[in-house]
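J.: Structure of the sequence below:
(one chain, ligands or ions: 4)
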Amino acid sequence: MRVKQEEVVVGYESEEGREMEMEMELESSSSSGSSGELGFHDNLMKVIVVGYALTSKKIKSFLQPKLEGLARNKGIFFVAIDQTRPLSDQGPFDIVLHKLCGKEWRQILEDYRLTHPEVTVLDPPDAIQHVYNRQSMLQDVADLDLSDSYGTVGVPKQLVIEKDPSSIPDAIKKAGLSLPLVAKPLFAKSHELSLAYDEYSLQKLEPPLVLQEFVNHGGVLFKVYIVGDAIKVVRRFSLPDVSKRELSRSSGVFRFPRVSSASQSADDADLDPCIAELPPRALLERLAKELRCRLGLHLFNLDMIREHGSRNRFYVIDINYFPGYGKMPEYEHIFTDFLLNLVQSKFKNTATLC
Ligand SMILES: Nc1ncnc2c1ncn2[C@@H]1O[C@H](COP(=O)(O)OP(=O)(O)OP(=O)(O)O)[C@@H](O)[C@H]1O
Ligand SMILES: O=P(O)(O)O[C@H]1[C@H](O)[C@@H](O)[C@H](OP(=O)(O)O)[C@@H](OP(=O)(O)O)[C@H]1O
Ligand SMILES: [Mg+2]
Ligand SMILES: [Mg+2]
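T.: Ligands and ions are numbered 1, 2, ... in the order given. As a prediction, the model looks like this:
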């Protein structure tokens, strides 16, 4: 029997009814070829229903046919959440995957988490809010102050300008920030970035802002994607270094509307090995584990740069919740295994972020 995915969505009178129906779907899909990977096929334990509430842009980039196909082979079904209906009337879900804005939506999710502790909501709205603010997002990295034999990880010096732009030159001097500076909107949903060569030009910008020291890093950054325990790193081109000479000769502020997304992969580029060498695996594992725990998130990425000329002095400059996993190599396998493990460990009562 072939059950269309939309039919899997609603209307099971009992959990057993839903499982029976989905097992049939599983049997029919496994006869057309098994992935041979981690899955529930062989013992027909339980299928996993993942309700998702995502923008159409995110659905397009993330929920690609290859992901859905691989998931189905592992017994995972993605089901669109209907935002016009109560969440409790839908599903039942094992996992809720979401990235939507708004206070009202956050409240709906919070209420649902309280009334449905058996469902894993990826991730808790409060933890997501914490990384949507460019001041709080880096605080945990600063507190961690990671330093071991593999290297050090910090954050660039920064300050927040809440309101009055005329206070900027004094605030910069008082905080002892060195030029050049990058100015970013305090709220990370906005991606406009400006690079300032002097403190006075920054008065043109509209607070609330974060002003951050620009760190020379050879024009290459590392995107560290985290999906639960899994880590994948890719290289991307970034803003070029600013020399002392250039700094002394220039002034003004240069605006970049969406510098990060526009930048190309640097994985296949012919680069100086001192710049291109990926951060040490052991350092990334420690960092990811600590941040998963401190941030209370399963799904995020870090933008990391290596200070140019240093051996392994790294800075985290940005943290993004539920980033563009479609650009992460092998994300389909990594993500589906993550969902399986999540449900299995919840079932065995061993689920933990830390
Ligand atoms: N402190 C810094 N030093 C050097 N380069 C920086 C710094 N901050 C930002 N950049 C550069 O500007 C880019 C955009 O900054 P950032 O990642 O903070 O913005 P974003 O809009 O949140 O990006 P994303 O699309 O990853 O969410 C970075 O990818 C990097 O190239
Ligand atoms: O994966 P990286 O290069 O870090 O960039 C991501 C941004 O950080 C995310 O904010 C984008 O997702 P949203 O458009 O859902 O915010 C996300 O959009 P996408 O999922 O549509 O690709 C990416 O642009
Ligand atoms: Mg970024
Ligand atoms: Mg960002």
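J.: near ligand 3, which residues of this protein show up?
T.: Taking Cβ under 5 Å from the ion as the contact definition, the chain meets ligand 3 at 260, 303, 318. Quick note: C-beta positions are derived from backbone N, CA and C, even for glycine.
J.: top of those residues by neighbour count?
T.: Scoring those on neighbours with other Cβ atoms under 10 Å, the highest-scoring entry is D318 at 22 neighbours.
J.: Name all residues that make contact with that residue.
T.: Counting by Cβ atoms under 8 Å, 6 or more residues apart in numbering, D318 touches 134, 137, 188, 260, 302-303.
J.: And what about it, helix, strand or coil?
T.: Of the three states, D318 takes strand according to DSSP: H, G, I helix; E, B strand; the rest coil.
J.: partner residues bridging it?
T.: In this entry, D318 is beta-bridged to D303, by DSSP bridges.
J.: Quick check on D126: phi, psi?
T.: Main-chain dihedrals, D126, degrees, to the nearest 10: phi -70, psi -40.
J.: Next, count neighbours for the closest residue to P280 other than its chain neighbours.
T.: Distances taken as Cβ to Cβ, 6 or more residues apart in numbering put Y150 closest to P280, at 4.0 Å, once the chain neighbours are dropped. Around Y150 there are 18 other residues, counting by other Cβ under 10 Å.
J.: For Y150, give me its contacts.
T.: By Cβ under 8 Å, 6+ apart, the neighbours of Y150 are 280, 282-283, 312.
J.: Who wins on neighbours among the residues you listed?
T.: L283 (20 neighbours).
J.: I'd say it and V316 touch.
T.: No - using Cβ atoms under 8 Å, L283 is not in contact with V316; the gap is 11.7 Å.
J.: Would you mind listing the residues touching both of those two?
T.: Joint contacts of L283 and V316 (Cβ under 8 Å, 6+ apart) are V153.
J.: Let me know the closest of the residues of the chain next to ligand 3 to G326.
T.: S260 (15.2 Å; Cβ to Cβ).
J.: Start and end of stretch 303-312, how far apart?
T.: 15 Å (Cα to Cα, to the nearest Å).
J.: Could you pick out the residues of the protein near ligand 4 for me?
T.: 318, 320.
J.: Look up phi and psi at the residue of the chain found nearest ligand 2.
T.: Nearest residue of the chain to ligand 2: G324, at 2.6 Å (Cβ to the nearest ligand atom). In terms of degrees, to the nearest 10, the main-chain angles of G324 are phi -80, psi 80.
J.: Same list (the residues of the chain next to ligand 3) but as JSON lines, adding pLDDT and distance to D82.
T.: As requested, the residues of the chain next to ligand 3 are arranged in JSON lines below (pLDDT from 0 to 100; distance: Cβ to Cβ, whole Å):
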{"residue": "S260", "pLDDT": "76", "distance to D82": "33"}
{"residue": "D303", "pLDDT": "98", "distance to D82": "35"}
{"residue": "D318", "pLDDT": "98", "distance to D82": "33"}
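J.: May I ask which helix or strand encompasses the spatially most central residue of the chain?
T.: Central residue of the chain (Cα atoms, centre = their mean): F300, 2.3 Å from the mean position. For F300, the element it lies in under DSSP states H and E is strand 299-306.
J.: Whatever residue of the stretch 51-200 of the chain ends up closest to ligand 3 and Y315, how far apart?
T.: When distances are taken as Cβ to the ion, the stretch 51-200 of the chain reaches nearest to ligand 3 at H191, 7.9 Å away. Counting by Cβ to Cβ, to the nearest Å, the separation of H191 from Y315 is 19 Å.
J.: so is R292 in a helix, a strand, or just coil?
T.: helix.
J.: Could you tell me which residues make contact with it?
T.: R292 touches 226, 228, 298, 353-354, counting by Cβ under 8 Å, 6+ apart.
J.: Check the residues you listed and tell me the two furthest apart.
T.: I226 and C354 (13.7 Å).
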